[in-house]
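Novice: Predicted model, plus sequence, below.
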Amino acid sequence: MRGPRAYASFIGIGLAAGLLSGLFGVGGGTVIVPLLVLLLGFDQRLGAGTSLAAIVPTAAVGVISYAVHDAVAWIPAIILAIGSVIGAQIGTRLLPRISQTALRWGFVGFLAIVIVSLFLVIPSRGAVLELTWLSGALLLVLGLFTGVLAGLIGVGGGIVVVPVLMLAFGTSDLVAKGTSLLMMIPTAISGTIGNLRHHNVDLLAAALVGVAACTTTALGAWLATLVDPFVGNVLFAVYLVFIAIQMALKAIRGRRARTA
């Protein structure tokens, strides 16, 4: 779609996605894709490809914003990214063999556990991500899991990495978010290259969404530093509830489509 309405929609979507990206350390694809599909008539694949391309500059600005506050674990992020890139290839190969409905319900269950845990475990702002041989191996496994999930059902990134870094690795909420954003950059670049080959990216839309998102990502990251860790957990839990509802609705529609 082109025209004033479309351009205004691209910018509005980018502003919302950038704020959420900076605040929660996520890519923003869970906002960008459904809005492109619902408001502008993008098909799912084009929406996902356009969103992934827009995430590259958005995540880069987010990393810089968190790095200013010394809230990025650089080497762990690289380990996560390596696992994620490999995992995404595995996920796409497994895609035809696994029930999407079962996967979606499984992911909803995972999110439910995470949401409850966010009210029980409050991260310390002073906590750091200690890198050892064991934690490095576990980070690689986490990256693989995230990549496989992204390849199978199109979600992952910060939605998985941020809560796991906080709850399982004892990382501060800010470091978890900054590290998640850095992990996304090579993953998004790799995915975008593949999508460009298959003509699944609207470059103009991606540019408008990405540039608009960059203007609010730093604001979101700044707000994250002001918010109390418990309040931050509550806000993130609300965001995850929204994602879980989206995924549950997709699972229900998928089941109805098969039985119709």
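Specialist: That came through, no problem.

Novice: Residue ranges in the stretch 101-250 of the chain under the pLDDT threshold?
Specialist: 151, 153-156 (pLDDT under 70).

Novice: Quick check: residue 56 touching residue 192?
Specialist: Yes: with contact defined as CB atoms under 8 Å, residue 56 reaches residue 192; the gap is 6.6 Å. No exception for glycine: its C-beta is placed from N, CA and C like everyone else's.

Novice: For the helix or strand hosting residue 244, name the packing helices and strands.
Specialist: Per DSSP states H and E: residue 244 is located in helix 229-259. Packing partners of helix 229-259 (3 or more CB pairs under 8 Å, 6 or more residues apart in numbering; DSSP states H and E): helix 4-24, helix 29-40, helix 100-120, helix 158-167, helix 173-197.

Novice: so of those helices, which one's packed in deepest?
Specialist: Between those, helix 158-167 has the highest mean count of neighbours, a mean of 26, where neighbours are mean count of other CB atoms under 10 Å.

Novice: ok, and what's touching that one?
Specialist: 21, 24-27, 30, 80, 111, 114, 117-118, 121, 123, 129, 142, 145-146, 149, 171-173, 175-177, 179-181, 183-184, 233, 236, 240, 243 (CB atoms under 8 Å, 6 or more residues apart in numbering).

Novice: quick revisit: closest to residue 223 out of the helices and strands packed on helix 229-259?
Specialist: Residue 223 lies closest to helix 4-24 among the helices and strands packed on helix 229-259, at 5.6 Å (CB to CB).

Novice: Could you check the angle the closest one makes with helix 29-40?
Specialist: With axes from the mean of the first three to the mean of the last three CA atoms, to 10 degrees defining the directions, helix 4-24 sits at 170 degrees from helix 29-40.

Novice: Extract the C-alpha trace of helix 4-24 and format it as PDB.
Specialist: Provided in PDB are the C-alpha atoms of helix 4-24 (Å, rounded to 0.1, in the frame of the first residue of the first chain):
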ATOM      1  CA  PRO A   4      -0.600   9.300   2.900                       C
ATOM      2  CA  ARG A   5      -2.600   6.900   5.000                       C
ATOM      3  CA  ALA A   6      -0.100   4.100   4.500                       C
ATOM      4  CA  TYR A   7       2.900   6.300   5.200                       C
ATOM      5  CA  ALA A   8       1.300   7.600   8.400                       C
ATOM      6  CA  SER A   9       0.500   4.100   9.400                       C
ATOM      7  CA  PHE A  10       4.100   3.000   8.800                       C
ATOM      8  CA  ILE A  11       5.400   5.800  11.000                       C
ATOM      9  CA  GLY A  12       2.800   5.200  13.800                       C
ATOM     10  CA  ILE A  13       3.600   1.500  13.800                       C
ATOM     11  CA  GLY A  14       7.300   2.300  14.100                       C
ATOM     12  CA  LEU A  15       6.800   4.800  16.900                       C
ATOM     13  CA  ALA A  16       4.900   2.200  19.000                       C
ATOM     14  CA  ALA A  17       7.400  -0.700  18.100                       C
ATOM     15  CA  GLY A  18      10.400   1.400  19.000                       C
ATOM     16  CA  LEU A  19       9.000   2.400  22.400                       C
ATOM     17  CA  LEU A  20       8.300  -1.200  23.300                       C
ATOM     18  CA  SER A  21      11.600  -2.300  21.900                       C
ATOM     19  CA  GLY A  22      13.500   0.100  24.100                       C
ATOM     20  CA  LEU A  23      11.300  -0.500  27.200                       C
ATOM     21  CA  PHE A  24      11.300  -4.300  27.100                       C
END
